[in-house]
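1. A structural model of the following input is requested.
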Amino acid sequence: MSVAATNIGHPRNRFFVPTVAKQCWGFMIGSAFFALGSAPGLSEALGSTGSNLLFFIGAWFFTTAGLIQLFLSGAMAVPVSYAPGRMVRAEWLAAATQSFGTLLFNVSTTSALYAKSVSAQERLVWNPDAGGSVGFLVSGVLAFVAYAHVSQLWEPSKRAWWSVLINFVGCVAFGISAVGSYILSSGNVVNGSLANYGTFIGAICFLLASLIVLPQWDRRAPAARVSAETG
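-> Numbering: from 1, shown residues only. Purely as a prediction, here's the structure:
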């Protein structure tokens, strides 16, 4: 057997191979940073500089996970029997809009580290944050559409359904956070508590949405059944 043949299906560096597990862990770690940066009590202790640094780090995990999700979402469009002959898949569109949202969060969280003037904070921090939140909201709705294409719209007995629902709640919470963090001409935000709690709740939701669909749960279930049967 040739060397080339032995490498088929066995990448030299599996670290760079996109998988659902890496996608889930990326969102979970990113969510943990956002949750820490906005946690009641802790965010006050950290101050804006400490929280912004945690958001900056978390956004990069979000972006990495979003790109993996987009890669794993499959083809952008599929052929259909009606005009125009092809249709964009809801699953791909949901992943694309969420991935675009994570990129906007990167712009926002990076700018928050150095933007000092009110105009800079509005243009470089709040505007991208609001755009990213809108992207997440759109992706949350499209995730329901994509789920309905392969299963039933109401299916609370499935972990995947709960993941889609919790993810949507997180998207709404991030949207509320963006409203609360709107920067007034005075330099203050509309509602700091709303901004912090919205970010914290959204982050916890995103963490849970990824946690409950980790592939590890599916691999452990058969092993547990075999142990019970042989015990």
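2. what's the neighbour count on the residue lying closest to Lys158 once chain neighbours are set aside?
-> Leaving aside its sequence neighbours, Lys158 sits nearest to Ser151 (C-beta to C-beta, 6 or more residues apart in numbering; 7.1 Å). No exception for glycine: its C-beta is placed from N, CA and C like everyone else's. Counted with other C-beta atoms under 10 Å, the neighbours of Ser151 add up to 13.
3. which stretches in this structure count as helices?
-> In the chain, the helices defined using DSSP state H lie at 3-7, 20-38, 42-72, 90-111, 118-120, 127-150, 159-180, 192-211, 215-230.
4. okay if I get these as TSV plus distance to Ala83, mean pLDDT and mean neighbour count?
-> Putting the helices of the chain into TSV (distance: least, C-beta to C-beta, whole Å; pLDDT from 0 to 100; neighbours: other C-beta atoms under 10 Å) gives the following:
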stretch	distance to Ala83	mean pLDDT	mean neighbour count
helix 3-7	45	41	8
helix 20-38	34	97	22
helix 42-72	27	96	19
helix 90-111	19	97	22
helix 118-120	47	92	13
helix 127-150	20	95	20
helix 159-180	30	97	20
helix 192-211	36	97	21
helix 215-230	39	58	9
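5. for the closest residue to Pro156 other than its chain neighbours, give its distance to Gln216.
-> In space, not counting the residues next to it along the chain, Pro156 is nearest to Trp162; the distance is 6.9 Å by C-beta to C-beta, 6+ apart. Applying C-beta to C-beta, to the nearest Å, one obtains 17 Å for the distance of Trp162 from Gln216.
6. please apply the same query to Gly101.
-> In this view, Gly101 and Gln216 are 26 Å apart by C-beta to C-beta.
7. same deal with Phe62?
-> Phe62 is 21 Å from Gln216, by C-beta to C-beta.
8. do Pro79 as well
-> In this view, Pro79 and Gln216 are 36 Å apart by C-beta to C-beta.
9. try Leu165
-> With C-beta to C-beta as the criterion, Leu165 and Gln216 are 21 Å apart.
10. now do Trp154
-> If you measure Trp154 against Gln216 using C-beta to C-beta, the figure is 27 Å.
11. now swap in Ile57 and tell me
-> Relative to Gln216, and taking C-beta to C-beta, Ile57 is found at 24 Å.
12. same deal with Phe100?
-> On the measure of C-beta to C-beta, Phe100 and Gln216 end up 29 Å apart.
13. now do Tyr114
-> Tyr114 sits 39 Å away from Gln216, taking C-beta to C-beta as the criterion.
14. burial count for the closest residue to Trp161 other than its chain neighbours?
-> Distances taken as C-beta to C-beta, 6+ apart place Glu155 nearest to Trp161, at 4.4 Å, with adjacent residues excluded. By other C-beta under 10 Å, the residues close to Glu155 number 15.
15. would you list the phi and psi of Glu155?
-> The phi/psi pair for Glu155 (degrees, to the nearest 10) reads phi -150, psi 60.
16. now Pro40
-> For Pro40, the backbone dihedrals are phi -50, psi 130 (criterion: degrees, to the nearest 10).
17. so it sits against Ile204, correct?
-> No. Pro40 is not in contact with Ile204 according to C-beta atoms under 8 Å; the separation is 11.8 Å.
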